[in-house]
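A.B. asks: Predicted coordinates and the sequence they were generated for:
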Amino acid sequence: MNESKHEGKVKLNTRVGKEEIDCILEGEDLIEMYECKFTLHTDKIDETVDQIKRKVSTLNQFCGKRVVPNLVVYNVGSSEHIKKIKEQGINVIIMREIINENKIFDRKRKDIKKILGEDLDFRNVDELHLE
């Protein structure tokens, strides 16, 4: 995972201009933007890349800071899809890999996978009790 070495203010579901940004980490000199998708659909890769680029452009206009785009996705297609996105300057964070490999999820991994497998509703994330 590309762990941020930056500190700043986190904003969730923020409207900037006409764009809704899923997550922003706003630091002193840059903004890390996170676009979150459950599944990366093969037929929507170009659309997703365009959406992220549009949001980066909007953030640049309104904030005047360097923007680092990140796509957070649980299900991915092939490694070719990821490569195509990365070639556009977008970092890709694959949550399935993080959940499977990171020790922080050891005690709740089965619960997380059950929720993600059956019904992904971020309003219910507090049910996970990850502390």
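C.D. replies: Yes, it's here.

A.B. asks: In the protein, what helix or strand scores lowest on average pLDDT?
C.D. replies: In the chain, the helix or strand scored least confidently by mean pLDDT, DSSP states H and E is helix 109-118, which has a mean of 67.

A.B. asks: so how far is the lengthiest helix in the chain off the chain centroid?
C.D. replies: Secondary structure of the chain read by DSSP state H shows that its longest helix is helix 45-63. Mean-position distance between helix 45-63 and its chain equals 13 Å (C-alpha atoms, centre = their mean, to the nearest Å).

A.B. asks: If you count contacts, what does it end up packed against?
C.D. replies: Where contact means 3 or more C-beta pairs under 8 Å, 6 or more residues apart in numbering; DSSP states H and E, helix 45-63 is packed against strand 9-16, strand 19-26, strand 30-39, strand 66-75, helix 79-86. C-beta: built from backbone N, CA, C; applies to glycine.

A.B. asks: For it, give the mean pLDDT please.
C.D. replies: For helix 45-63, the mean pLDDT works out to 94.

A.B. asks: Okay, buried residues for it please.
C.D. replies: For helix 45-63, burial by neighbour count (16 or more other C-beta atoms under 10 Å) applies to 45, 48-49, 52, 55-56, 58-59.

A.B. asks: what's the answer for stretch 31-42, then?
C.D. replies: Judged by neighbour count (16+ other C-beta under 10 Å), stretch 31-42 contains these buried residues: 31-37, 40.

A.B. asks: C-alpha coordinates for it, CSV please?
C.D. replies: Presented in CSV, the C-alpha positions along stretch 31-42 are these (Å, rounded to 0.1, in the frame of the first residue of the first chain):
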residue,chain,number,x,y,z
ILE,A,31,-3.6,17.2,-1.7
GLU,A,32,-4.0,13.5,-1.9
MET,A,33,-7.3,12.6,-3.6
TYR,A,34,-8.8,9.2,-3.3
GLU,A,35,-11.5,7.9,-5.7
CYS,A,36,-13.1,4.8,-4.2
LYS,A,37,-14.6,2.0,-6.3
PHE,A,38,-15.7,-1.5,-5.1
THR,A,39,-15.1,-3.1,-8.5
LEU,A,40,-13.0,-1.9,-11.4
HIS,A,41,-15.2,-2.7,-14.4
THR,A,42,-13.3,-3.6,-17.6
